[in-house]
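Q: test case, fold it:
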Amino acid sequence: MLKPLIALVTAGSVLTACGGWRDSRVNPSNWFGSSTPAPVEAAASEDVNPLIPNSSGKGLFARPDPKDRSILITQVTELKVDPTTTGAIISVVGVANRQGAFNTELRPIVTPENTEAGILAYAFRVVYPEDATPQGPVQTRTIREAVSVSRQDLAGIKVIRVEAKEGALETRRR
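A: Residues are numbered from 1 along each chain as shown. Model prediction:
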């Protein structure tokens, strides 16, 4: 009777010591401190020929960069956040104004106000065909999009918000 009691007390005291793993010096994520600015030495420019221009990456026959034709989706109807082992998956369902919407994207909205308030905001954007398409029933205009977010991105986030043309949906951390 005494041996199982001693084993139980020993196991309990060992397991209670595991709670400080996050702040422990043994934890590899705590090995480095915060970053500080450091001076950078200027590279020697001995091999530079001033008569040869720096290449811009654009050739004579290069196409221009495409214009952004995406606009906000008409309405967001569902917002769901599913936890994963590496963070979370944010799933969004929206309804487009007309059929044929493609190239959907949850584009992050980064503003100082959002970061200070702990808000992770996205704009649900779609691209419509240039030709006219019918409006059709809601089932044919429903679009689903998802984005994966890491635990580091979720650190300090209190609200996840997805914006559309006619409103927004948000979910709060429990």
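Q: show the average pLDDT along the longest helix seen in the chain.
A: Criterion DSSP state H: the longest helix present in the chain is helix 2-16. Throughout helix 2-16, pLDDT has a mean value of 77.
Q: cool, stretch 124-132 as well?
A: Across stretch 124-132, the average pLDDT comes to 93.
Q: any idea how far that stretch is from the chain center?
A: Between the centre of stretch 124-132 and the centre of its chain there are 23 Å (CA atoms, centre = their mean, to the nearest Å).
Q: cool, and stretch 145-162?
A: Centroid separation for stretch 145-162 versus its chain: 6 Å, with CA atoms, centre = their mean.
Q: same question for stretch 80-92.
A: Per CA atoms, centre = their mean, the displacement of stretch 80-92 from the mean C-alpha position of its chain is 10 Å.
Q: straight-line length of it, end to end?
A: End-to-end span of stretch 80-92 (CA to CA, to the nearest Å): 6 Å.
Q: what does it contact?
A: 76, 78-79, 106, 122, 124, 144-154, 160, 162, 169, 171 (CB atoms under 8 Å, 6 or more residues apart in numbering). To be clear about C-beta, it is placed using only N, CA and C from the backbone, and glycine gets the same treatment.
Q: does S148 sit in a helix, a strand or a coil?
A: What DSSP: H, G, I helix; E, B strand; the rest coil gives for S148 is strand.
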